[in-house]
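Need a 3D model of the following:
(2 chains)
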There are 2 protein chains.
Amino acid sequence: MSEVTTLPPIVAAIRESRRALARLLTRIENRAAAAELTALYPFGGKAHLIGVTGAPGTGKSSLVNAMAKAYRAEGKTVSILAVDPTSPFSGGAVLGDRIRMRDLHGDAGVFIRSMATRGNLGGIARTTLDMIRALDAADFDIVLIETVGAGQSEVEIASAAQTVIVVEAPGLGDDVQAIKAGILEIADILVVNKADNPGVESTLRALRAALDLGHRAERIMHHGKLMTIPAAPVVGEDSAWQTPIVQTVATDGTGVPELLAKIAEHRTYLRESGVQRLRERASLSAEIEERLRDLLLARLIEQIGAARLQATIERVVERQIDPNSAAQALLTESRGAAEP
Amino acid sequence: MSEVTTLPPIVAAIRESRRALARLLTRIENRAAAAELTALYPFGGKAHLIGVTGAPGTGKSSLVNAMAKAYRAEGKTVSILAVDPTSPFSGGAVLGDRIRMRDLHGDAGVFIRSMATRGNLGGIARTTLDMIRALDAADFDIVLIETVGAGQSEVEIASAAQTVIVVEAPGLGDDVQAIKAGILEIADILVVNKADNPGVESTLRALRAALDLGHRAERIMHHGKLMTIPAAPVVGEDSAWQTPIVQTVATDGTGVPELLAKIAEHRTYLRESGVQRLRERASLSAEIEERLRDLLLARLIEQIGAARLQATIERVVERQIDPNSAAQALLTESRGAAEP
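Just a heads-up that it's a prediction; the model follows:
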């Protein structure tokens, strides 16, 4: 959006006050910030959104901290959104957050928010998207989105980023956790952290072999599921992005400047190749369709009544009608109900 | 459905001919079997649907084979549906299938089908559900659904089963893979396979600790996502199911009879407690809603036109309007378009 002289109150507030930003993020988590999200949306688009994902034990959180410090040293403002969509059995988010706070506390150029999702996987991806938009509009240069790379939801969340970093480490039992979890193909940059540990060579070999085997695929969200589409058309074959492997030791900062350089390079690639715009359009398109699905179902239930829906479900439970025919019948009914 | 004397042709065909069944499953995979699925749905509901999931390396496929052989020894007919929703980087399904075929080949009471999904995660869960319904209507006593327990989709697929078995094994690097992947809470029965390997005690300890920590939660699908709901009401606390841990050595059959006994016990529990009916209703309800969402979106696009949808997406890409407001506007428009 061009030349805006007066900011909407919510945008001014979150840019001025960290407390206002924290409160807005809570309202977004509670799904009670539609008006604010509408007001702030035109003021985003400037931050670089960086997703960092990987299995527990890879030192992912330490790496995110080291990246935040390195960006601060460059004078950039940084926000960190840590999403932990793990089961109620584990509770890593809170501890990681505390360590992080101690490390980066007192720096006004850093903002940290964590989101523990406690087993309710529905809707995390959308809430995360909305939170990222708030951080973007709050004018941070860098938004780091940290997730545990264990499942589909985490992959979806990481995919909300422009640059996706998948973190590995030697000595985790399996050579390459990412291959198993199927997250290698979403990596724009691969990091082997704890690169001073034994076994780093075998991890590097396994990753290189996997990268040679696989072909990069563009990723989009479709009906709330991750889909892969053939690599986006680029100007020439030479300009296609080759996923680099960067070695780091997050605890002492080794390799972090190289990582930041690769991230900057990737951002330039995204913009110059037109891939960023293609990805944005595909993911916004999927999001709008998903929102429409929700609104349409809510309207249908209002039209036919919840009792009618329940009665139909009961007939399916009784095997009098199959699920597909039931859905078709309800659709026809709603059309009748909508007519005057 | 009560007292049906004449079977619909498709049901008669898949009960008589394995080739007809295989062809139907292919049509289901190609989403070209709506009429057949409608016809066969009333004739299902008799098979015991057993999901088996676990990380690669746990010997899951060998266990499924051993279970199939044990069920055959009891005179029961068995079908195996192996779903491999892994990335294009790995290709385990085909090999596992070949080994399996050699082992169980020539037994007319066993039917095996594998489904390699090659990166396209959208819609696998629904296709799998439909395939299970076909196998159920084909009158198998047992339907074994085998998945790799790596992500959300696999958890969804396993959840289509009545009894879910999560397989672990000692010596995989991490003590308990399931805790990491967040699939422990969907287990009705935990199996430690390769129980003759060193490290089995530490695996058992880790599993018992995790079971003590966590509380069982009922699982349902909601908007295509897995949700957990508080444990279903049962007659008394005593009747609630306590997830047992069974040790097996699939390669020589050790522990398999004990596993089958636990599975039978779980089936009795599901029926007598009423939990089975609650789960079925919840999952059918989620499926019908999901199907309605798809139908409603298709109808809306027909009403407003694909070009109109594209133009709105473009405005969102340009940050002139936010995704939620865009969806609301399209909904209002479709209402106008539907009116005469």
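
Wasn't A:Val164 part of a strand?
Yes. Counting by DSSP: H, G, I helix; E, B strand; the rest coil, A:Val164 is part of a strand.

Quick check: it touching A:Thr53?
Yes. Using Cβ atoms under 8 Å, A:Val164 makes contact with A:Thr53 at a distance of 7.0 Å. Placement of C-beta: from N, CA and C, glycine included.

Have a look at these two and say which one is more surrounded.
Neighbours were counted for A:Val164 and for A:Thr53 using other Cβ atoms under 10 Å in any protein chain shown; A:Thr53 has more, 28 against 25.

Report whether the helix or strand where the more buried one lies contacts chain B.
A:Thr53 is part of strand A:48-54 when elements are defined by DSSP states H and E. No. Against chain B, strand A:48-54 shows no contacts by Cβ under 8 Å from any Cβ of the partner chain, the least distance being 11.9 Å.

tell me which residues in the longest helix seen in chain A are buried?
In terms of residue count, the longest helix belonging to chain A (DSSP state H) is helix A:275-304. For helix A:275-304, a neighbour-count test (16 or more other Cβ atoms under 10 Å in any protein chain shown) marks A:275-276, A:278-279, A:281-293, A:295-297, A:299-301, A:304 as buried.

quick one, whatever helix or strand comes next after that helix and helix A:275-304 angle?
Sequence order places helix A:306-317 as the next helix or strand after helix A:275-304, per DSSP H and E. Direction vectors for helix A:306-317 and helix A:275-304, defined by axes from the mean of the first three to the mean of the last three Cα atoms, to 10 degrees, enclose an angle of 100 degrees.

what residues does helix A:306-317 touch?
Residues from elsewhere that reach helix A:306-317 (Cβ atoms under 8 Å, 6 or more residues apart in numbering or on different chains): A:301, A:321-323, A:326, A:329-330, A:333, B:277, B:280-281, B:284-285, B:288.

how much space between the residue most central in space within chain A and A:Arg133?
By Cα atoms, centre = their mean, the mean C-alpha position of chain A lies nearest to A:Ile157, the distance being 2.6 Å. Separation of A:Ile157 from A:Arg133 (Cβ to Cβ, to the nearest Å) stands at 14 Å.

same thing with A:Val246?
28 Å.

Neighbour count: the two, which is higher?
Neighbour totals were compared for A:Val246 and A:Arg133, and A:Arg133 leads with 24 against 20 (other Cβ under 10 Å).

Which residue, neighbours along the chain excluded, lies closest to the more buried one?
Using Cβ to Cβ, 6 or more residues apart in numbering or on different chains and skipping residues adjacent in sequence, the residue nearest A:Arg133 is A:Gly44, 5.4 Å away.

How about A:Ile189?
That would be A:Ile165: by Cβ to Cβ, 6+ apart, it lies 4.9 Å from A:Ile189.

burial count for the one you found?
Neighbours of A:Ile165 (other Cβ under 10 Å): 27.

unless I'm mixing things up, it is touching A:Asn193, no?
No. Under the criterion of Cβ under 8 Å, A:Ile165 makes no contact with A:Asn193, lying 10.2 Å away.

And the strands in the stretch 151-300 of chain A?
A:163-168, A:189-192, A:217-222, A:225-230, A:245-247 (DSSP state E, counting those that start in this stretch).

where does the stretch 1-150 of chain A dip in pLDDT?
Applying pLDDT under 70 to the stretch 1-150 of chain A flags the ranges A:1-5, A:85-103, A:105, A:116-123, A:149-150.

For A:Thr6, which three-state class applies?
coil.

How many residues are close by it?
7.

and the gap between it and A:Arg15?
13 Å.

again, but for A:Glu156
28 Å.

same thing with A:Thr128?
Counting by Cβ to Cβ, the gap from A:Thr128 to A:Arg15 is 21 Å.

between these two, which one's more packed in?
More neighbours surround A:Thr128 than the other of A:Thr128 and A:Arg15, with 24 against 16 (other Cβ under 10 Å).

elements contacting the helix or strand harbouring that one?
A:Thr128 belongs to helix A:124-137 when elements are defined using DSSP H and E. On a contact count with 3 or more Cβ pairs under 8 Å, 6 or more residues apart in numbering or on different chains; DSSP states H and E, helix A:124-137 meets helix A:9-16, helix A:18-29, helix A:34-40, strand A:78-84, strand A:110-116, strand A:142-148, helix A:152-158, helix A:275-304.

and if we set it to 7 Å?
Counting contacts by 3 or more Cβ pairs under 7 Å, 6 or more residues apart in numbering or on different chains; DSSP states H and E, helix A:124-137 packs against helix A:9-16, helix A:18-29, helix A:34-40, strand A:78-84, strand A:142-148, helix A:152-158.

Can I get it as CSV, trimmed to CA atoms?
Only the C-alpha atoms of helix A:124-137 are listed here, as CSV (Å, rounded to 0.1, in the frame of the first residue of the first chain):
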residue,chain,number,x,y,z
ILE,A,124,-3.2,-23.8,14.5
ALA,A,125,-1.9,-23.1,11.1
ARG,A,126,-4.4,-20.3,10.5
THR,A,127,-3.9,-18.8,14.0
THR,A,128,-0.1,-18.9,13.3
LEU,A,129,-0.6,-17.1,10.0
ASP,A,130,-2.6,-14.4,11.7
MET,A,131,0.0,-14.0,14.4
ILE,A,132,2.8,-13.7,11.8
ARG,A,133,0.7,-11.0,10.0
ALA,A,134,0.6,-9.0,13.3
LEU,A,135,4.3,-9.3,13.8
ASP,A,136,4.9,-8.3,10.2
ALA,A,137,2.7,-5.2,10.6
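
Good, wrapping up.
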